[in-house]
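Asks: what follows is a predicted protein model with its sequence.
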Amino acid sequence: MGKYTGFIEFTRQLPAKLSVTERLQHYKEFVQPYAPQQLNEQAARCMNCGVPFCHNGCPLGNIIPEFNDAVYNNNFEEAYHILAATNNFPEFTGRICPAPCESACVLGINQPAVAIEEIEKHIIEIAYSKGYVQPKKPITRTGKKVAIVGSGPAGLAAAAQLNSAGHSVTIFERDDAAGGLLRYGIPDFKLEKWVVQRRIELLMQEGIIFKFNANVGVNISVNDLLRDYNAIVLAGGATTPRNLYIPGRELDGVHFAMDFLKQSNKRVANLATTDSANCIESNMLSAELLATNKNVIVIGGGDTGSDCVGTSNRQGAATVTQFELMPKPANERNNTMPWPTYPMILKTTSSHEEGANRHWAIATKAFLGDENGKLKAIKVVDLEWKIIDGKPAAFVEIEGSEREMPCQLALLAMGFVHPQQVGMLEKMSVELDERGNVKATEKSYQTNINKVFTAGDMRRGQSLVVWAISEGRECARKVDEFLMGSSLLESKDANILTASLV
């Protein structure tokens, strides 16, 4: 590495953010860029480890020490090419990835880990600004046609890889624009949509065809796809949310988090919100979901819940409260989560910094309404968890802790259980696994139908954007092998092995 003592001389430093008061006035990204010297110092902290565990921590197998070294030496073109070799969309992961690579960083054993995610974001943004990112059209075409269903990160990654192999790729997206949850799930203050659109336009320039408002199984015939394409990749995501079947669920004011977030994203983009297609609840076609002047309770402690917190604050909620069924996590690693595993420790997001009452080990018993059928309060109870081997195993309700909390908007952010099964999957007759996902192995990504493959959350269940990109890339390689008998597309395992030998 360029500076062998960098990890001794410099400590971890993240970029500055706009103040809470400033950023709550808008939906734009608020994390500021590093100054050139700061970026150089953060890259210098990479240790040139004998065994760089960050490679294995990253689902994409990014070659992290090498691009850190290039950044330290101010060779951003080289850094970009190293990063782009394994990651199709570093502008996405550099903003919204929970950075499992940093959890596996060797420096993280006894110091703060290298700021890999921020360095990654700076590499790609500098590459765009310097013109290094250019459309790469394949020199020749194979004559094979591939249909990708879904334009989220898995579908986009599969499309990019298959297009680079020379196949003619068409993406079918049931929404009015590409990106999946990148566009209509993740708020703009975490990922502005010009960032998504910039990449979509680049993919179009590379020859990928996008068809919008194209709902396979509804207004696009499954049989036509099976007839007209040599291979199909199902990458529609896990879109069926976990529901909460308790008294009062039908009240006006109880909604799925993703309907709330999608409406907000459309509102920010100056698009119609009350006629949005593909809402999870049919009554969302006419409902206007706003947190303004309401007591908001978000049920679910994950990233989607955090996004609801930040969005509610920007909409001017009276109060914002977030519930988590599980007990409060530890502040740092303990014996149950040793390095380099991903630690389940307390996570305080930028949305939490902006204001939220957080409750752990709490269960929702009922939604309470007024005489007009509108939500007015939530009945809750505290929980006592039994800890076995350092992990919560079972709980009981704490006697006498039951109470009511005022609430006019409850957002269900408890995760997703499986992809939508009615429609395309049903008509295509693909097999499902025991969890309700499309059944396919990680070795083949192939379903019970010979030419039909699947990747991302539709196959593995709800997961991370970085895993979706990885799945799309690996699936593309299997499709290429299916179509051509062999493939020259990169594989994650080969990337890790090559990086380890450098």
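Replies: Yep, that arrived.
Asks: where do the helices sit along the stretch 1-150 of the chain?
Replies: 6-9, 20-23, 36-44, 54-57, 64-72, 76-84, 90-96, 100-103, 116-129 (DSSP state H, counting those that start in this stretch).
Asks: ok, which of those comes nearest Ile220?
Replies: Smallest distance to Ile220 across the helices of the stretch 1-150 of the chain (C-beta to C-beta): 26.3 Å, for helix 90-96. In this view, the C-beta of every residue, glycine as well, is placed from N, C-alpha and C.
Asks: what packs against that closest one?
Replies: helix 116-129, helix 193-205, helix 465-484 (3 or more C-beta pairs under 8 Å, 6 or more residues apart in numbering; DSSP states H and E).
Asks: next, the buried residues of the second one.
Replies: Buried residues in helix 193-205, counting neighbours by 16 or more other C-beta atoms under 10 Å, are found at 193, 195-196, 199-200, 202-203.
Asks: where does Tyr342 land on pLDDT?
Replies: According to the prediction, Tyr342 has pLDDT 89.
Asks: apologies, that question was intended for Lys492.
Replies: 78.
Asks: out of the buried residues of helix 193-205, flag the one nearest to His167.
Replies: Comparing the buried residues of helix 193-205 against His167 with C-beta to C-beta places Leu203 closest, at 13.7 Å.
Asks: from Gln197, how far out is the closest one?
Replies: Computed as C-beta to C-beta, to the nearest Å, the Leu203 to Gln197 distance reads 11 Å.
Asks: could you give the number of residues near Glu431?
Replies: 11 (other C-beta atoms under 10 Å).
Asks: where along the stretch 251-400 of the chain do the helices fall?
Replies: Ranges of helices within the stretch 251-400 of the chain are 257-268, 303-314, 350-353, based on DSSP H, counting those that start in this stretch.
Asks: how about residues contacting the first one?
Replies: The contact list for helix 257-268, computed with C-beta atoms under 8 Å, 6 or more residues apart in numbering, reads 27, 183-188, 193, 239, 241, 272-273, 276, 279-281, 284, 288-289, 291, 298, 300, 304-305, 307-308, 311, 315, 411-413.
Asks: circling back to that earlier point, among the helices and strands packed on helix 90-96, which is the most enclosed?
Replies: helix 465-484 (a mean of 25; mean count of other C-beta atoms under 10 Å).
Asks: tell me the gap between stretch 160-171 and the middle of its chain.
Replies: Distance, stretch centre to chain centre, for stretch 160-171: 23 Å (C-alpha atoms, centre = their mean, to the nearest Å).
Asks: what's the answer for stretch 291-298, then?
Replies: When distances are taken as C-alpha atoms, centre = their mean, stretch 291-298 is centred 25 Å away from the chain's centroid.
Asks: what comes up buried for that stretch?
Replies: For stretch 291-298, the neighbour count (16+ other C-beta under 10 Å) marks 291, 294-298 as buried.
Asks: nearest to Val465 among these?
Replies: Once C-beta to C-beta is applied, the member of those that ends up nearest Val465 is Val298, at 20.6 Å.
Asks: roughly how far is stretch 311-322 from the heart of the chain?
Replies: Mean-position distance between stretch 311-322 and its chain equals 22 Å (C-alpha atoms, centre = their mean).
Asks: next, the buried residues of it.
Replies: Using 16+ other C-beta under 10 Å as the test for burial, stretch 311-322 gives 311-315, 317, 319-322.
Asks: still on that earlier bit, what's the closest of the helices of the stretch 251-400 of the chain to Ala394?
Replies: Closest to Ala394 of the helices of the stretch 251-400 of the chain, according to C-beta to C-beta: helix 303-314, at 23.0 Å.
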